[in-house]
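Student: have a look at this fold, sequence not included:
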């Protein structure tokens, strides 16, 4: 790896001036939202934390790059939304959020539809103008799907396609769901489990607000400002891989580790062994246990990013492309997350990202857990191993608190898709 970089505030002593023995209450692996939240709250309780991340920047998938005064969501769009006032007040106490409302569009064969499915969508699909007309059309198509299942001796939807057809009917399924979903998951809808879409929100009102939550928005100035506030005063090192620390739990109940050789070369004074009372691990749980039961599966995405010599490319932050002939799943135009009204044209250029979904392979960024029966069963084996790992260590933990020796948290460590607000809420509760 390249030589690790360090950041710290003036209240902390530079690593290069430290003594040879450094002890932390928490070694936090991963500077994404879970790790940053944990570091913030632990530091507020007087704990000493070290946050490390293998990437060249902090923030995990929230990280934004600035191009042409536009904050580009490097790892895909993130819209904060919640109905939990405590969560909303907490994040706004760190950085104010703007008024962004997520109102995506879907494009199918050059025709545009509003999302989520609402009266605007039904008018665009069928020309209906009243809720009663829309409900009648939906019920007609739902009944057709249910009758087909009954004729085939099927009592419950066996896959995503059958589930979707019983929820919204064939027109919406074929136009707005099928192609997009198959691109996103790389599998036919008949091969995907029905639980992926246990429900599809259908709104008989003219309302394009995607979320039902009471609060939503984007941090003013981008997500980097939120992460900066969470990690203010917290020691952190980037470009360093947890698995190259060569750490181990010792008889004193502490996790002892050393920095890689490249780190020692980058400092003027040799830093000796470090220790931590606890690890907060936010990486892949299968990797933590050296894939002993085999690898979990993920979907990943990659982006084609373009800076265009125009102020407005598509007039909306998110446009999904739902026909299978177009290889990308959506186009993101980043300026619309933070620029509204006349400010859009005042910024002469725009940045777009075409998003492609693909199967994860080693070396790629894991984005979405594939939560089918096979992978969920495998994850439970790793979860049981993690529980046993902590049970075996519990008698030797030097800091006798409520925390496990190793805390597994976040999307990769729990093999579970999380929105941002539930992560904030979860970590807040951990410190209640």
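Tutor: Now that the structure is in, tell me what you want to look at. If you're wondering where the values come from, they're calculated on a predicted model, not measured in any experiment. Numbering: from 1, shown residues only.
Student: for the protein, which spans come out with low pLDDT?
Tutor: The model of the chain has pLDDT under 70 over residues 1-20, 260-272, 396-402.
Student: what's the helix or strand for residue 140?
Tutor: If you go by DSSP states H and E, residue 140 is part of helix 131-151.
Student: residue 163 now?
Tutor: Going by DSSP H and E, residue 163 is part of helix 160-172.
Student: over to residue 200?
Tutor: Residue 200 belongs to no helix or strand, assigned by DSSP H and E.
Student: excluding its backbone neighbours, what's nearest it?
Tutor: Counting by Cβ to Cβ, 6 or more residues apart in numbering, residue 167 is the residue found nearest to residue 200 once chain neighbours are left out, at 4.7 Å. To be clear about C-beta, it is placed using only N, CA and C from the backbone, and glycine gets the same treatment.
Student: between the helix or strand following the helix holding residue 163 and helix 160-172, how big is the angle?
Tutor: Downstream of helix 160-172, the next assigned helix or strand under DSSP H and E is helix 178-185. Angular relation of helix 178-185 and helix 160-172 on a 0 to 180 degree scale: 140 degrees, by axes from the mean of the first three to the mean of the last three Cα atoms, to 10 degrees.
Student: ok, the spatially most distant residue from the centre of the chain - contacts?
Tutor: When distances are taken from the C-alpha mean of the chain, residue 151 lies farthest, 41.3 Å away, according to Cα atoms, centre = their mean. Applying Cβ atoms under 8 Å, 6 or more residues apart in numbering to residue 151 gives no contacts.
Student: mind listing what's buried in the strand or helix carrying residue 90?
Tutor: Taking DSSP H and E as the definition, residue 90 sits inside helix 85-94. The neighbour-count check on helix 85-94 (16 or more other Cβ atoms under 10 Å) flags 87-88, 90-91, 94 as buried.
Student: partners of the following helix or strand past that helix in the sheet?
Tutor: Sequence order places strand 105-108 as the next helix or strand after helix 85-94, per DSSP H and E. If you go by DSSP bridges, strand 105-108 pairs up with strand 111-114 (antiparallel), strand 318-321 (parallel).
Student: after the first one comes which helix or strand?
Tutor: Past strand 111-114, heading to the C-terminal end, the next element that is a helix or strand (DSSP H and E) is helix 119-126.
Student: contacts for that following helix?
Tutor: Contacts for helix 119-126 (Cβ under 8 Å, 6+ apart): 111-115, 128-129, 131, 133-134, 137-138, 171-172, 175-176, 203-208.
Student: who's in contact with stretch 204-219?
Tutor: By Cβ under 8 Å, 6+ apart, stretch 204-219 touches 78-83, 85, 88, 91, 95-104, 114-116, 118-120, 131, 134-135, 201, 225-226, 337-338, 421.
Student: correction: the previous question concerned stretch 133-147.
Tutor: The contact list for stretch 133-147 (Cβ under 8 Å, 6+ apart) reads 119, 122, 126, 128, 162, 165-172, 202, 204.
Student: ok, now stretch 377-392?
Tutor: 285-286, 288-289, 292-294, 296, 369, 404-406, 408, 415.
Student: can you do 6 Å?
Tutor: Contacting residues not belonging to stretch 377-392 are listed as 285-286, 289, 293, 296, 404-406, 408, 415 [Cβ atoms under 6 Å, 6 or more residues apart in numbering].
Student: repeat that for stretch 67-79.
Tutor: Here stretch 67-79 makes contact (Cβ under 6 Å, 6+ apart) with 61-65, 102, 222, 332, 334-335, 347, 349, 351.
Student: buried ones among these?
Tutor: Using 16+ other Cβ under 10 Å, the buried ones in the contacts of stretch 67-79 are 61-64, 102, 222, 332, 334-335, 347, 351.
Student: before we move on, the earlier item: buried ones in the helix holding residue 163, by neighbour count?
Tutor: Residues 160-169, 172 are the ones in helix 160-172 that count as buried (16+ other Cβ under 10 Å).
Student: who's in contact with residue 220?
Tutor: 96, 98.
Student: same thing with the one 5 residues further on?
Tutor: Contacts here follow Cβ under 6 Å, 6+ apart; on that basis residue 225 touches 95, 219.
Student: list phi and psi for it.
Tutor: Main-chain dihedrals, residue 225, degrees, to the nearest 10: phi -70, psi -40.
Student: that one and residue 62, how far apart?
Tutor: Applying Cβ to Cβ, to the nearest Å, the value for residue 225 to residue 62 is 10 Å.
Student: one more: residue 312?
Tutor: Between residue 312 and residue 62 the distance is 25 Å, computed by Cβ to Cβ.
Student: then residue 204?
Tutor: 35 Å.
Student: check residue 132 too.
Tutor: 43 Å.
Student: residue 345 now?
Tutor: Distance from residue 345 to residue 62, by Cβ to Cβ: 28 Å.
Student: same deal with residue 171?
Tutor: 37 Å.
Student: for residue 377, same thing?
Tutor: Counting by Cβ to Cβ, the gap from residue 377 to residue 62 is 31 Å.
Student: swap in residue 290?
Tutor: 28 Å.
Student: now residue 330
Tutor: Using Cβ to Cβ, one obtains 19 Å as the distance from residue 330 to residue 62.
Student: before we move on, what about residue 353?
Tutor: Residue 353 sits 15 Å away from residue 62, going by Cβ to Cβ.
Student: swap in residue 128?
Tutor: Following Cβ to Cβ, the distance that separates residue 128 from residue 62 is 40 Å.
Student: do the same with residue 181
Tutor: 25 Å.
Student: re earlier: mean neighbour count, the strands paired with strand 105-108: which tops it?
Tutor: strand 318-321 (a mean of 21; mean count of other Cβ atoms under 10 Å).
Student: next secondary structure after it?
Tutor: strand 330-333.
Student: show me what residue 72 bridges to in the sheet.
Tutor: Applying DSSP bridges, one finds that residue 72 bridges with residue 65.
Student: pull the number of nearby residues for it.
Tutor: Per other Cβ atoms under 10 Å, the neighbour tally for residue 72 reads 21.
Student: residue 414 is in what secondary structure piece?
Tutor: Judged by DSSP H and E, residue 414 forms part of no helix or strand.
Student: what values do phi and psi take at it?
Tutor: phi -110, psi 0.
Student: report the separation between the residue lying closest to it once chain neighbours are set aside and residue 338.
Tutor: Closest residue to residue 414 apart from its sequence neighbours, by Cβ to Cβ, 6+ apart: residue 408 at 6.5 Å. According to Cβ to Cβ, residue 408 stands 34 Å off from residue 338.
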